[in-house]
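Asks: 3D, please:
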Amino acid sequence: MSPAQFFKCLSDETRLRCVVLLQKQGKLCVCELKVALDLSQPKISRHLALLRQCGLLLDSREGQCFLSDQSETA
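Replies: Numbers count the residues shown, from 1 in each chain. The predicted structure follows:
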């Protein structure tokens with residue numbers, strides 16, 4: 001990924017806040033990010049999907065909760 005692509009992925013305040021929270025807390029559920037950022041679940045999920053497409057996040061599923069974590073490459 002080029003530096004321009006990397007910074008474009010983080011240019012949105014919501015995506016940047018998600019990455020910062022994940023850096024501080026480790027794995028977080030979408031519902032935890034929803035509360036922390038005071039945003040709707042669809043909006044959080046959309047931003048997490050963009051971060052995954054950029055290769056900055058990994059996700060997994062535990063029960064009915066999707067967990068997100070920073071990628072090893074991030």
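Asks: partners of Cys29 in the sheet?
Replies: Leu67 (DSSP bridges).
Asks: burial measure for it, as a count.
Replies: 15 (other CB atoms under 10 Å). For the C-beta atoms, the positions are set from N, CA and C on the backbone; glycine is no exception.
Asks: over to the one 5 residues further on?
Replies: Neighbourhood size, Lys34 [other CB under 10 Å]: 17.
Asks: secondary structure element for the residue nearest in space to the middle of the chain?
Replies: Central residue of the chain (CA atoms, centre = their mean): Leu48, 4.0 Å from the mean position. According to DSSP states H and E, Leu48 maps onto helix 41-53.
Asks: check the offset of the helix or strand containing Asp59 from the chain's centre.
Replies: Element membership for Asp59, per DSSP H and E: strand 57-62. Distance of strand 57-62 from the chain centroid (CA atoms, centre = their mean, to the nearest Å) equals 10 Å.
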